[in-house]
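[1] just need the structure, nothing else, for what follows:
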Amino acid sequence: MPAKKASVFTHGKKLSDESLYVINIIDLEPAGLLVKAYNQETNAEYYLSPSEGQLKDAGLTRSEEDLTKLADSIDIYTKGDATYISSSLSSIKDNKVIPAGPAVASYIDSTVISGVTLPELLTTALSELCKAKPAGLDAVKWLGEWLLENNPNQPHVEEP
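    As a prediction, this is how the structure comes out:
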């Protein structure tokens, strides 16, 4: 079992929601850092994980001065019904939001590619698969090739 990592920097800060947070920065070298914002009133924890490349692009090292700069750049925001932390340093990217539960269906249904929703595209693809009737793994190969050939994001050139 890997050793538990300890915080290399701790800082108290009031974020834009007017709550006081304890900002802990944990060194995950060589992967980067883990920034944790803990709200003691609500026991809520929020995380941000800048990579080594992002830290380098931001000109940050693991010095106390740079860790203070990183902690001071942290703020909280809400998107939809979820809350996240982010950095005001442009090189530090927000964590990717992976939808879960009902948000997945909403995301899939609202994804439009060249005027076609993802469910409509897949329905058409599966209808064409049923017409072609390939068997076994040939069906998987056929479907993949059909999706590549009929990709709505693919540029179309009309010849005169």
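[2] for the most centrally placed residue in the chain, what is the enclosing helix or strand?
    The centroid of the chain falls nearest to residue 96 when counting by CA atoms, centre = their mean (0.7 Å). Per DSSP states H and E, residue 96 falls between elements, in no helix or strand.
[3] ok, now the one 3 residues further on?
    For residue 99, there is no enclosing helix or strand under DSSP H and E.
[4] so what's it closest to, chain neighbours aside?
    Distances taken as CB to CB, 6 or more residues apart in numbering put residue 107 closest to residue 99, at 4.6 Å, once the chain neighbours are dropped. Every residue, glycine included, has its C-beta placed from N, CA and C.
[5] now do the SS call for that neighbour.
    When classified by DSSP: H, G, I helix; E, B strand; the rest coil, residue 107 comes out as helix.
[6] surely residue 52 meets residue 27?
    No - at 10.8 Å, residue 52 does not count as touching residue 27 under the criterion of CB atoms under 8 Å.
[7] who has more neighbours out of those two?
    It is residue 27, of residue 52 and residue 27, that has more neighbours when counted by other CB atoms under 10 Å, with 16 against 13.
[8] what residues are up against the more buried one?
    Neighbouring residues of residue 27 by CB atoms under 8 Å, 6 or more residues apart in numbering: 5, 8, 33, 62.
[9] from residue 66, how far off is it?
    According to CB to CB, to the nearest Å, residue 27 and residue 66 sit 12 Å apart.
[10] with residue 15 instead?
    Applying CB to CB to residue 15 and residue 66 gives a distance of 20 Å.
[11] residue 70: neighbouring residues, count only.
    23.
[12] how is the chain carved up into domains?
    7-87, 102-149 (automatic domain parsing).
[13] mean pLDDT lowest where, among those domains?
    Least confidently modelled of the domains of the chain is domain 102-149, at a mean of 89 by mean pLDDT.
[14] so how far is that domain from its chain's centroid?
    Centroid separation for domain 102-149 versus its chain: 24 Å, with CA atoms, centre = their mean, to the nearest Å.
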